[in-house]
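> sequence first, then the predicted structure:
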Amino acid sequence: MTRCIYVNGRYAPYAEAAIHAEDRGFQFGDGVYEVIEVRGGRLVDPTRHLDRLSGSLTALMIAAPMSRGCLMRVFAEVIARNRVSSGILYLQVTRGAAARDFALPNQDHPATVVCLARAMDFAKVDARARVGIAVKTMADNRWGRCDLKTVMLLPAVLAKQAAKAAGAQDAWFVDRDGFVTEGASNNAWIVTKAGELVTRPLGHDILPGVTRATVMDVARELQLKVIERPFTVADALGASEAFVTSATTIVMPVVQIDGQPVGEGKPGAVAARLRAAFHAVAEMGGV
Ligand code: PDD
């Protein structure tokens, strides 16, 4: 249970945590966010998450609301006050509250900063990883800067809902040329019959996942070959394994795509090895 939420300098009780009705995040989706795993009370890969946050803020021309040191202190306080040992930390920074106008307010306009921590039962996620998930593919209808972690998540919300309605656990977006871009909230991977890991190269069409980057480090440790190239749904169905990566799922096997089995239709050994080795390789940040 989340007891309190940091909002603009104050640790507010959950029921009272509020932002202004004219917040630009609320009116325009004019803001960015990060989701960071908390494990054993520590942040997983904080440097990579803060680097990505800086990149998203710079691209949107939102000034950093505070230094990294101050942000880390807020993270520590939010985790401690909510007594989260295993779970997630959510940070959202928007361009702040201003009378509705598409044009940007002045550069020195104060941002809105919201941060919360929530406990999660990772045993449930582990249990799911032993079974794997089914995904439904759909046309990627998102904007042209999916590399920025903005709060404009409506396409992902609708995609996940459509997947759920079809009995799947997640959605995979597919571009106009038939290549998988990524999952609605994760990066997509396959393991070829030759045992090589394949994932789409970074670009404007996918989020540069922190877990994706760390899984590449893990693969190197395990002496597995990673190839960054686009793959189609047919490639995935012909692969020996498929999986997705994100801060909340780490490495989650995909065992079915649009009702068709991937490989033997059950989680594969490569995904299991990557998942097992992940936290030994990731940066565990002291908070
Ligand atoms: N989603 N791609 C998309 C579209 C995402 O939303 C996410 C993360 C990822 C994986 O990024 P990372 O490995 O840094 O978590 C890829 C988060 C978890 C969310 O929105 O809840």
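Structure's in. What do you need?

> quick one, helices of the protein?
With DSSP state H, the ranges of helices along the chain come out as 24-28, 46-60, 68-81, 122-131, 154-165, 210-221, 233-237, 269-281.

> most tightly surrounded among those helices?
Across the helices of the chain, averaging neighbours per residue (mean count of other C-beta atoms under 10 Å) puts helix 210-221 on top, at a mean of 20. Heads up, the C-betas are built off the backbone N, CA and C, glycines and all.

> per-residue confidence for T2?
The model reports T2 with a pLDDT of 86.

> got the contact list for it?
Residues in contact with T2 (C-beta atoms under 8 Å, 6 or more residues apart in numbering) are 14, 82, 116-118.

> phi, psi of it?
Per-residue torsions, T2: phi -80, psi 120 (degrees, to the nearest 10).

> how near is the residue nearest the centre of the chain to the ligand?
Residue closest to the mean C-alpha point of the chain, counted by C-alpha atoms, centre = their mean, is S246 at 4.8 Å. From S246 across to the ligand, the span is 4 Å (C-beta to the nearest ligand atom, to the nearest Å).

> ok, the closest residue to S240 other than its chain neighbours to the ligand distance?
With C-beta to C-beta, 6 or more residues apart in numbering as the criterion, S240 has its nearest non-adjacent residue at 4.6 Å, and that residue is G263. Distance of G263 to the ligand, computed by C-beta to the nearest ligand atom: 23 Å.

> cool, and Y14?
Counting by C-beta to the nearest ligand atom - Y14 and the ligand are separated by 19 Å.

> selecting buried members of the contacts of T2 in PyMOL, what would you type?
This is how PyMOL selects the buried members of the contacts of T2, with burial counted by 16 or more other C-beta atoms under 10 Å:
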select buried, resi 82+116+117
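
> just give me the closest of the contacts of T2 to the ligand.
R118 (11.3 Å; C-beta to the nearest ligand atom).

> who are the contact partners of the closest one?
2, 82, 84, 87-88, 90.

> returning to what we had before: including distance to the ligand, could the helices of the chain go into a markdown table?
Formatted as a markdown table, these follow (distance: least, C-beta to the nearest ligand atom, whole Å):
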| stretch | distance to the ligand |
| --- | --- |
| helix 24-28 | 15 |
| helix 46-60 | 7 |
| helix 68-81 | 16 |
| helix 122-131 | 12 |
| helix 154-165 | 6 |
| helix 210-221 | 3 |
| helix 233-237 | 16 |
| helix 269-281 | 11 |
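
> can you report how many residues lie near the closest residue to V226 other than its chain neighbours?
Take V226 and drop its neighbours on the chain: the residue closest to it by C-beta to C-beta, 6+ apart is L197, 4.6 Å away. Neighbour count for L197, taken as other C-beta atoms under 10 Å: 22.

> surely L197 meets K225?
Yes - assessed by C-beta atoms under 8 Å, L197 is found in contact with K225 at 6.7 Å.

> any common contacting residues for the two?
With C-beta under 8 Å, 6+ apart as the test, L197 and K225 both reach A219.

> contacts only, for the residue lying farthest from the centre of the chain.
What lies farthest from the middle of the chain is A99; by C-alpha atoms, centre = their mean that is 30.9 Å. Applying C-beta under 8 Å, 6+ apart to A99 gives the contacts E22.

> dihedrals phi and psi, it?
According to degrees, to the nearest 10, A99 has phi -50, psi 130.
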